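Asks: what follows is a protein structure lacking sequence information:
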């Protein structure tokens, strides 16, 4: 079996390789193709990946290429983890927001919109190439942010290519809750025995249930979490918020619930997060280039993306081996939340098997959460149209409706700045 990784020069790639190494007995990978447009970076990351595989005497080869079609040819799974414009584009996204007194972040607000406009056409082109080049029924597994918005574009404009959007936030939340459970009970639980119940959009979801061996432990877990929040001087969330919602918000919701705090933090830049990551990546690439290095270095955790290897490779494993496991993913609603449009891409638990990605039926969110979700989903749908068609009016409306967007009298100025800032990566807007 062949797996293609588009964006294989990413510093995350060794983590992904580790996931495949951990599953060689179950997942019969024979060729792992790493494709990247940055040949120098690919050589460093790919060389390290090859040493990792040789060290473990794994039964698969690591192939390196700068030609996307060569990577896609005959692939059973295609993983996208690319960044159009590389890390410099992320830095521009962040400072775009800051210039206009708005949140500057790579997936949320105006920065997330700029990233989506650059990314969606590229991902759709990959999907188009998969139709003719990849193995029959090949699945596109997208980790590229904004993951939910990109998946929304795939669902509408490449519905014949099986695809799913994946993020590490749900598994991070799951592991945090298992730690909370261990604090409360003294009992350590295997993550495979636990299931997180969550619903929303990517980076805009609410965790609202947790089971261990099928038993609902959410009430006890929630009370313990609230009690601990009350002992902290600067808790992530106000205890009263959790008491009222009876849910734990995805931490990206701090950009919406505590916008003033996030804006105040931006005033301390530089460094922005992109600038921090640039320095981390310099160190990581220097370490990866060491011909004696055979295991991922500890500094990889500074990059973020905890549990990435688990999320990515176990999803492929569950699909290939028809395991019927429950994973939290971004996928088409398809009536799982019957009160909401079927074509909305949601982040929710789904059963992963040979049949594909089947979202599990669930109750809708309460009005206190749905109001925000509906507003952001409207922004997502408009952004997809803007990205695909180079539609400036749709882009204007997307900024207008976004809760973290500019006021009406500043929308055009922000849009003009966004399109000019990333002009070289937005040909659809500059014919």
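Replies: That came through fine. Quick caveat: nothing in here was measured; it's all calculated off a predicted structure.

Asks: please enumerate the strands of this structure.
Replies: In the chain, the segments counted as strands under DSSP state E are 2-6, 31-35, 61-65, 77-80, 139-142, 163-165, 194-201, 204-212, 215-216, 248-249, 325-332, 345-353, 356-359.

Asks: touching, residue 108 and residue 255? I think so.
Replies: Yes. Using C-beta atoms under 8 Å, residue 108 is in contact with residue 255, at 4.9 Å. From N, CA and C alone the C-beta is placed, and that goes for glycine too.

Asks: higher neighbour count, the two?
Replies: Taking other C-beta atoms under 10 Å, residue 108 and residue 255 do not tie; residue 108 has more neighbours (25 against 21).

Asks: what sits against that one?
Replies: Neighbouring residues of residue 108 by C-beta atoms under 8 Å, 6 or more residues apart in numbering: 146, 203, 252, 255, 404.

Asks: ok, 6 Å please
Replies: Contacts for residue 108 were tallied using C-beta atoms under 6 Å, 6 or more residues apart in numbering; they are 252, 255.

Asks: quick one: the helices in the stretch 201-350 of the chain?
Replies: Ranges of helices within the stretch 201-350 of the chain are 218-229, 239-245, 254-257, 259-266, 273-288, 308-320, based on DSSP state H, counting those that start in this stretch.

Asks: out of those, flag the one nearest residue 150.
Replies: helix 308-320 (15.5 Å; C-beta to C-beta).

Asks: work out the gap between the closest one and the centre of the chain.
Replies: Offset of helix 308-320 from its chain centre (C-alpha atoms, centre = their mean, to the nearest Å): 14 Å.

Asks: for that helix, packing partners?
Replies: With contacts taken as 3 or more C-beta pairs under 6 Å, 6 or more residues apart in numbering; DSSP states H and E, helix 308-320 sits against helix 13-21.

Asks: show me what the mean pLDDT comes to for the helix it packs on.
Replies: The average pLDDT within helix 13-21 is 95.

Asks: ok and that helix relative to helix 308-320, angle-wise?
Replies: Here helix 13-21 points in a direction 40 degrees away from that of helix 308-320 (axes from the mean of the first three to the mean of the last three C-alpha atoms, to 10 degrees).

Asks: what's helix 13-21 in contact with?
Replies: By C-beta under 6 Å, 6+ apart, the residues outside helix 13-21 that reach it are 29, 45, 49, 52, 56, 58, 296, 308-309, 312-313.

Asks: low pLDDT regions in this protein?
Replies: 305 (pLDDT under 70).

Asks: as JSON lines, the helices of the stretch 201-350 of the chain with distance to residue 132 would be great.
Replies: Listed next are those as JSON lines, based on distance: least, C-beta to C-beta, whole Å:
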{"stretch": "helix 218-229", "distance to residue 132": "47"}
{"stretch": "helix 239-245", "distance to residue 132": "47"}
{"stretch": "helix 254-257", "distance to residue 132": "40"}
{"stretch": "helix 259-266", "distance to residue 132": "44"}
{"stretch": "helix 273-288", "distance to residue 132": "34"}
{"stretch": "helix 308-320", "distance to residue 132": "22"}
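
Asks: returning to what we had before: of the strands of the chain, give the one that comes closest to residue 184.
Replies: When those are compared by C-beta to C-beta, strand 204-212 sits nearest residue 184, at 11.7 Å.

Asks: neighbouring strands for the closest one, and are they parallel or not?
Replies: In the sheet, strand 204-212 lines up against strand 194-201 (antiparallel), strand 215-216 (antiparallel), strand 248-249 (antiparallel) (DSSP bridges).

Asks: deepest in the core, which of those strands is it.
Replies: Counting by mean count of other C-beta atoms under 10 Å, strand 248-249 has the highest mean neighbour count of the strands paired with strand 204-212, with a mean of 24.

Asks: correct me, but residue 196 touches residue 175?
Replies: No. Counting by C-beta atoms under 6 Å, residue 196 does not reach residue 175; the two are 9.6 Å apart.

Asks: residue 427: which of the strands paired with strand 204-212 is closest?
Replies: strand 194-201 (27.7 Å).

Asks: and the angle for that closest one with helix 218-229?
Replies: In terms of direction (the same axes, to 10 degrees), strand 194-201 departs from helix 218-229 by 80 degrees.

Asks: strand 194-201 vs strand 345-353, what angle?
Replies: Here the directions of strand 194-201 and strand 345-353 differ by 150 degrees (the same axes, to 10 degrees).

Asks: the residue nearest in space to the middle of the chain and residue 304: what is the separation?
Replies: In the chain, the residue lying closest to the centroid (C-alpha atoms, centre = their mean) is residue 167, at 3.4 Å. Residue 167 sits 12 Å away from residue 304, taking C-beta to C-beta, to the nearest Å as the criterion.

Asks: thinking again about what came up before, just the helices of the stretch 201-350 of the chain: most buried one?
Replies: Of the helices of the stretch 201-350 of the chain, helix 308-320 is the most buried (mean count of other C-beta under 10 Å), at a mean of 22.

Asks: contacting residues around that one?
Replies: 12, 15-16, 18-20, 23, 26-27, 77, 166, 168, 171, 325, 327, 352.

Asks: out of those, the closest to residue 88 would be?
Replies: residue 12 (17.8 Å).

Asks: ok, the closest one to residue 82 distance?
Replies: 11 Å.

Asks: before we move on, what about residue 104?
Replies: According to C-beta to C-beta, residue 104 stands 21 Å off from residue 82.

Asks: higher neighbour count, these two?
Replies: More crowded of residue 104 and residue 82, by other C-beta under 10 Å: residue 104, with 27 against 22.

Asks: which residue packs closest to that one, ignoring adjacent ones?
Replies: Sequence neighbours aside, residue 97 is the residue nearest to residue 104 in space, at 2.9 Å (criterion: C-beta to C-beta, 6 or more residues apart in numbering).

Asks: and if you look at residue 252?
Replies: Distances taken as C-beta to C-beta, 6+ apart place residue 203 nearest to residue 252, at 4.0 Å, with adjacent residues excluded.

Asks: ok, that neighbour - how many residues close by?
Replies: Residue 203 has 23 neighbours, counted by other C-beta under 10 Å.

Asks: so it sits against residue 253, correct?
Replies: No. Counting by C-beta under 6 Å, residue 203 does not reach residue 253; the two are 8.3 Å apart.
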